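Chemist: build me a model:
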Amino acid sequence: MKLPAKLNESQIVIVRDQREQKPFAFPGLTVEVGHLPTADYSLRGMEDHVALERKSLPDFLGVVGHGRARFESELKRLQSYAVRAVICEFSWASVQMSGWRNKVTPQAVEGSILSWTTRFQVPILLFGDRQSAEDATRRILIGTAQRRYRELRSLLAGASENRPLETTAMTTEGAEV
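Modeler: Got it, this is the predicted structure:
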């Protein structure tokens, strides 16, 4: 079996969790809504390998405060994914400026980010704003899909090169002859 040299973006299907309340648009890509056990975004066929969680600053303040135990459970689940990250729609500067109506301090946010990143080994990536976070999520998903496609092509090419020249016939009962 010979596969095309490159996977086109039009062949990539992003899966968005049905519970995502402020979904990214991903113009030009196919997005289907489904149930993901963990995170907000994945790729069709790779839902057990790719998990990206989106967080706005208000969302993140909530998980640093009262939602901490639930979020730490999610980080624990994310550990089992080969490609995993928390994609944040805010920057270090916006955390340090504070100014929000919440009892969570900038130091608590920074400490939580550093602690969770090292403790759970899940990257927490700060992209400054929503558009930059969406662009980064898109790039991570497309790059992951294209890398896996290249790996599959390589495996299939290696398998066909190692196949013996003689063919095996099958009888009607399915036994080799």
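
Chemist: and for the helix or strand containing Ser115, what's in contact with it?
Modeler: Ser115 belongs to helix 106-120 when assigned by DSSP states H and E. Defining contact as Cβ atoms under 8 Å, 6 or more residues apart in numbering, one finds that helix 106-120 is touched by 60-61, 63-65, 68, 72, 75-76, 78-79, 92, 95-98, 122-124, 126. Quick note: C-beta positions are derived from backbone N, CA and C, even for glycine.

Chemist: quick check, Leu125 in contact with Thr137.
Modeler: No: using Cβ atoms under 8 Å, Leu125 is not in contact with Thr137, being 9.4 Å away.

Chemist: tell me, what's touching those two both at once?
Modeler: Common contact partners of Leu125 and Thr137 (Cβ under 8 Å, 6+ apart): Ile87.

Chemist: and Val31, its phi and psi?
Modeler: Backbone torsions of Val31, given as degrees, to the nearest 10, read phi -120, psi 130.

Chemist: nearest residue to it other than its sequence neighbours?
Modeler: Excluding the flanking residues, the one nearest Val31 by Cβ to Cβ, 6 or more residues apart in numbering is Ile14, at 4.8 Å.

Chemist: next: Ala136.
Modeler: Excluding its sequence neighbours, the residue lying closest to Ala136 (Cβ to Cβ, 6+ apart) is Phe127, at 5.2 Å.

Chemist: run the angle between the host helix or strand of Val63 and helix 106-120 for me.
Modeler: Using DSSP H and E, Val63 sits within helix 57-64. Interaxial angle of helix 57-64 relative to helix 106-120 (axes from the mean of the first three to the mean of the last three Cα atoms, to 10 degrees): 70 degrees.

Chemist: just want the angle from the helix or strand that helix 57-64 is followed by to helix 106-120.
Modeler: Note on helix 57-64: by DSSP H and E, the next helix or strand toward the C-terminus is helix 68-78. Using the same axes, to 10 degrees, one finds that helix 68-78 and helix 106-120 are set 30 degrees apart in direction.

Chemist: the helix or strand just after helix 68-78 pairs with which strands?
Modeler: Later in the chain than helix 68-78, the nearest helix or strand by DSSP H and E is strand 83-88. In the sheet, strand 83-88 lines up against strand 50-55 (parallel), strand 124-126 (parallel) (DSSP bridges).

Chemist: quick one: residues contacting Leu61.
Modeler: Contact analysis of Leu61 by Cβ under 8 Å, 6+ apart lists 100, 102, 104, 109.

Chemist: buried stuff in the biggest helix by length in the chain?
Modeler: In terms of residue count, the longest helix belonging to the chain (DSSP state H) is helix 130-161. Buried residues in helix 130-161, counted by 16 or more other Cβ atoms under 10 Å: 133-134, 136-138, 140-142, 144-146, 148-149, 153.
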